[in-house]
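K.L.:
below is the sequence, then the predicted model.
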Amino acid sequence: MLVIMDDFNARVGDDYETWKEVMGKCGIIGEETTDNGLRLLEFCLVHNLSVTSTFFSHKNVHKYTHYSRNKEGTKSQIDHILINRRWRTSVEDTRVYRGADFMNTDHRLLLSKIKIKLKVMKNDNKVVKADVVQLQNPEKRIDFELKLANKFASLKDEAGNLEKNWEILKEATTSSALEVCGKKKKNKKRWFNNEVESLVEKKVKLFHKWQTIGKGDGQTANCSNRQHFEGLLNVGKELAEETLLKLDEQESDLEEPYPTEREITDAIKALKNNKAAGIDGIHAEMIKAGGTTLAKYLYQMFVEIWKAEKVPEDWVKAVVVPLFKKGDRSI
């Protein structure tokens, strides 16, 4: 939103038909458009601005912003408040308040009332869930592995770039599952009527309000929850310096061999179905249905991880879902 307020020394007049894109029908009737006024209107037209005072009907005494001290006592509207055209409907009123005392000035207070309705930004990174139950169908499993193989063949594997290769695997797996299985449909409950929907909306609004509620110590409830989980999960232990020195002295020529393809396939078979996916959106059913195609790609990735001694960033992220069990919910 852009708002410009100034003494433009410009009379814009009442020529609505000519300047309807930048002004309303409530200009001062009979007022002549001055040279500065014409320049101001052209400026508004070029920059998509609106002269807010011309959109609201008021008595002329609530429009005049300047009173000359000459004998004639000339009154004029030369101070203006401009706003982006797309935000003009947010302006509820613009008028002069004559009662405001500004000592030695010929100008009067010009005030705009603006009401902004802000929308909650949608999370574009939300993972679209595939209907992985469809992978129980043998034909779907074959189709899924075939699509996966085609995607891996078309995407170039980058040796040594662990993060890039993980993104390739994740994208190929999740997109193939969506193409073969479709999106997971939400089961509509018969009891979910308009009344329940309005209550859910009310609950969401209250939840957002709760997130900003301050506690007695000045912290927000949301901040308090974050600190709770940090203290619960990020447990750090201090080791004695002598212990660390002993570890440095110990050397071993023993090198652990890379995991074998057989170990990878055995681990895949041992995965349990009907478990929630992680932040990557990959379910155990997808990995199993990927067959030898996905198992080989995973094997190459695990060897790369073994050599680099690090894992992709997604693997160190966790989705924490606190479940209420008993006691006081307000604590």
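P.N.:
Noted; the coordinates are in hand. Numbering: from 1, shown residues only.
K.L.:
element containing E263?
P.N.:
For E263, the element it lies in under DSSP states H and E is helix 261-269.
K.L.:
so which bits of that helix are buried?
P.N.:
By neighbour count on 16 or more other CB atoms under 10 Å, the buried set for helix 261-269 is E261, I264, T265, I268. To be clear about C-beta, it is placed using only N, CA and C from the backbone, and glycine gets the same treatment.
K.L.:
summarise which helices and strands it is packed against.
P.N.:
Here helix 261-269 touches helix 284-289, helix 291-308, going by 3 or more CB pairs under 8 Å, 6 or more residues apart in numbering; DSSP states H and E.
K.L.:
isn't Y67 right up against V96?
P.N.:
No - with contacts defined as CB atoms under 8 Å, Y67 does not count as touching V96, sitting 10.4 Å away.
K.L.:
common neighbours of the two, please.
P.N.:
Common neighbours of Y67 and V96 are listed as R108 (criterion: CB atoms under 8 Å, 6 or more residues apart in numbering).
K.L.:
the two: which is more packed in?
P.N.:
When Y67 is set against V96 and neighbours are counted by other CB atoms under 10 Å, the residue ahead is V96, at 23 against 15.
K.L.:
tell me the helix or strand right after the helix or strand encompassing the more buried one.
P.N.:
For V96, the host element (DSSP H and E) is strand 91-97. Reading on from strand 91-97 to the C-terminus, the next helix or strand found by DSSP H and E is strand 109-114.
K.L.:
that next one: which residues count as buried?
P.N.:
In strand 109-114, the ones that count as buried by 16+ other CB under 10 Å are L110, S112.
K.L.:
same question for stretch 54-63.
P.N.:
Buried residues in stretch 54-63, counted by 16+ other CB under 10 Å: T54, F55, F56, H62, K63.
K.L.:
give me the residues contacting it.
P.N.:
In this structure, residues lying in contact with stretch 54-63 by CB under 8 Å, 6+ apart are 12, 14, 16, 23-28, 53, 75, 77, 88, 91, 93-96, 98.
K.L.:
just the helices in the stretch 1-150 of the chain please.
P.N.:
The residue ranges that make up the helices of the stretch 1-150 of the chain, judged by DSSP state H, counting those that start in this stretch, are 35-46, 138-154.
K.L.:
could I get those helices in JSON lines, plus columns for distance to Q300?
P.N.:
Listed next are the helices of the stretch 1-150 of the chain as JSON lines, based on distance: least, CB to CB, whole Å:
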{"stretch": "helix 35-46", "distance to Q300": "58"}
{"stretch": "helix 138-154", "distance to Q300": "10"}
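K.L.:
weakest of those in terms of mean pLDDT?
P.N.:
Out of the helices of the stretch 1-150 of the chain, the stretch the model trusts least by mean pLDDT is helix 138-154, with a mean of 89.
K.L.:
does T173 touch E145 like I think?
P.N.:
No - with contact defined as CB under 8 Å, T173 and E145 do not form a contacting pair (10.8 Å).
K.L.:
which residues are in contact with both of these two?
P.N.:
Taking CB under 8 Å, 6+ apart as the contact definition, T173 and E145 share the neighbouring residues G290, L294.
K.L.:
so for those two, which residue has more residues nearby?
P.N.:
When T173 is set against E145 and neighbours are counted by other CB under 10 Å, the residue ahead is T173, at 26 against 18.
K.L.:
for the more buried one, grab phi and psi.
P.N.:
phi -70, psi -50 (degrees, to the nearest 10).
K.L.:
residues touching it, list them.
P.N.:
With contact set as CB under 8 Å, 6+ apart, T173 has these partners: L148, I282, M286, I287, G290, L294.
K.L.:
quick one: it and R95, what's the gap?
P.N.:
Relative to R95, T173 is positioned 61 Å away (CB to CB, to the nearest Å).
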